[in-house]
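J.: my questions concern the predicted model and sequence given below.
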Amino acid sequence: MPAISALGADYLLAGIIALWFVRGAHQHGRKSIYDFGSFVFFLWPVIAPIYLFQTRGLRAFSTIGLFFIVFFAAIAFAMFIGYPASLQR
């Protein structure tokens, strides 16, 4: 079950980021390539910083920083919750 959850989380992260970028491009009136959502879905670690700096300028650092804070907080939370359960075996 944990492997399925990890796989689902990977797809959800990429999917949420892709939807956020497609919506943001539409709101900013930016023309995007055909199937921009799939492009971002597969290459979001490369495309995300480029897009953020193009649309937000230096404010992109705050968005990227917030992403890393939430990302590492989720990892720490999972380790905190999962560690006691691993001791019971």
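T.: Looks like it came in fine.

J.: which outside residues touch stretch 43-55?
T.: 14, 17-18, 21, 24-25, 28, 30, 39-40, 60, 63-64 (CB atoms under 8 Å, 6 or more residues apart in numbering). Placement of C-beta: from N, CA and C, glycine included.

J.: out of those residues, give me the two with the largest separation.
T.: Pairwise distances across those (CB to CB) peak at 21.1 Å, for the pair 14 and 28.

J.: which one of those two has more residues nearby?
T.: A count of neighbours by other CB atoms under 10 Å puts residue 14 above the other of residue 14 and residue 28, at 16 against 11.

J.: hmm, back to that, show me which of the contacts of stretch 43-55 are buried.
T.: Using 16 or more other CB atoms under 10 Å as the burial test, the contacts of stretch 43-55 include 14, 17, 18, 21, 25, 39, 40, 60 as buried.

J.: and residue 39, how far from residue 24?
T.: 14 Å (CB to CB, to the nearest Å).

J.: can you check residue 70 too?
T.: According to CB to CB, residue 70 stands 18 Å off from residue 24.

J.: picking up where we left off before, a markdown table please, covering the contacts of stretch 43-55 and showing pLDDT, distance to residue 54 and secondary structure.
T.: Listed next are these as a markdown table, based on pLDDT from 0 to 100; distance: CB to CB, whole Å; DSSP: H, G, I helix; E, B strand; the rest coil:
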| residue | pLDDT | distance to residue 54 | secondary structure |
| --- | --- | --- | --- |
| 14 | 90 | 20 | helix |
| 17 | 90 | 16 | helix |
| 18 | 90 | 17 | helix |
| 21 | 87 | 11 | helix |
| 24 | 83 | 11 | helix |
| 25 | 83 | 10 | helix |
| 28 | 78 | 9 | coil |
| 30 | 79 | 8 | coil |
| 39 | 87 | 15 | helix |
| 40 | 88 | 13 | helix |
| 60 | 91 | 9 | helix |
| 63 | 90 | 12 | helix |
| 64 | 92 | 13 | helix |
